[in-house]
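> turn this into a structure:
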Amino acid sequence: MLLGEDVLYVICEWWEDYIIGRSSGTELVSVKHREPSKGAWSMASLVEDGGVRHLYERWVAHKEQPRCRLQTNAGLTTSSAKNGASAAAVLAATEASGAIEATVKQDLSARLGCDTDTAERFIRSLTIEAELPKRDDLIPRLIVHFLEPRCSELGWTSSEVRKRFLAIRNLVFETAQQDLLAISRDPSANSKDDYVARAEKLKRITPEMVVEVMGEFVAGRSKMVQKLHAGGFGPTDIESCKRLRAKWAAFARQWDPGLPGSSQVVASILEETHNFAVKAEQQTDTANLPYGEAMRAAFLNLVESRQSTIDGLTAELILGAAYDETDRCSIWWSPVDALPTAES
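Below is the predicted model:
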């Protein structure tokens, strides 16, 4: 999500270990940790204990529409005394566009209880990632090998990586732990469709949610929150500001190609936002503290009188952009010395 890929949402611990909703379709993901003492996966153990059968059943239940992925720390048996290359290794190496060995199709169809044509379609929908980091190594590997090299793409400093990673991990943990039994006991969930919709919402993580926790990672108060508080915004108002900032982030993502820096459309909106903020500050009595709310009123008057050619760009979204720029220390709602340090 943060790197601008086509991920629309992630659903945690529902139907599968997680589900990725992409603009190109849905992907069901099964995660299987295997203790080193048990060795590599054979074809039999991969199907029965490694999650392949469960993925197949979910794939069939969803009319063969989703992609499927198996992620595991264990390796795959690479050779077979009878057949040379192991069926498990061949299955994992099969590309969707490549030929599938008849013996592998037959082996899998027999184990899953389906015909070979169905087995082939399932194989083409399946990706297997083996030898991923073990449980104890997972967090250090994610931080050091995945996040730190991408700091410039993410717009993070190296000192922010661990704190922001923990904020994301906590969001995932809390979402995964949501209690679905509470919905089943709720008499207002009076249909299966209603239950499914509410369960999916409880278990879903969206880009907006990730953006919001990113703003809360430093001692529970982001730079934006500190500045708004210094400007005289109340706690309830600040919560509304966070939601507008998240809406702006979602809107901007439609235009941003996911590369470092902003797209031309986003850059033009931000330039306009800065101009409005400068004019609003000039129109506000900054000697009368706190002046944040008065400056915001002036800002909105300017925004509402503009004419925009960008579809869907509302005054609220531009205000959300201003809040986002507040977090980047580009827009202020109070004197700089109203904060503990000028660097804030």
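
> and the helices in the stretch 201-344 of the chain, which stretches?
Applying DSSP state H, counting those that start in this stretch to the stretch 201-344 of the chain gives helices spanning 207-214, 223-230, 235-253, 264-283, 292-304, 315-327.

> any chance of those in a markdown table, plus mean pLDDT?
Shown next, in a markdown table, are the helices of the stretch 201-344 of the chain (pLDDT from 0 to 100):
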| stretch | mean pLDDT |
| --- | --- |
| helix 207-214 | 80 |
| helix 223-230 | 84 |
| helix 235-253 | 83 |
| helix 264-283 | 92 |
| helix 292-304 | 95 |
| helix 315-327 | 91 |
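
> any chance of these in a markdown table, plus distance to V47 and mean neighbour count?
Backbone N, C-alpha and C define where each C-beta goes, glycine included. Output for these, formatted as a markdown table (distance: least, CB to CB, whole Å; neighbours: other CB atoms under 10 Å):
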| stretch | distance to V47 | mean neighbour count |
| --- | --- | --- |
| helix 207-214 | 35 | 19 |
| helix 223-230 | 50 | 22 |
| helix 235-253 | 39 | 17 |
| helix 264-283 | 47 | 16 |
| helix 292-304 | 58 | 19 |
| helix 315-327 | 48 | 22 |
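
> and those as CSV, adding distance to V336?
Output for the helices of the stretch 201-344 of the chain, formatted as CSV (distance: least, CB to CB, whole Å):
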stretch, distance to V336
helix 207-214, 23
helix 223-230, 9
helix 235-253, 19
helix 264-283, 12
helix 292-304, 13
helix 315-327, 13
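
> give me the helix or strand of the chain that scores worst on average pLDDT.
One helix or strand of the chain scores below all others by mean pLDDT, DSSP states H and E: strand 84-85, with a mean of 53.

> the strand or helix carrying D194 - contacts with which helices or strands?
Here D194, judged by DSSP states H and E, is contained in helix 192-202. Applying 3 or more CB pairs under 8 Å, 6 or more residues apart in numbering; DSSP states H and E, we find helix 192-202 packed against strand 7-14, helix 181-185.

> thanks again, I'm all set now.
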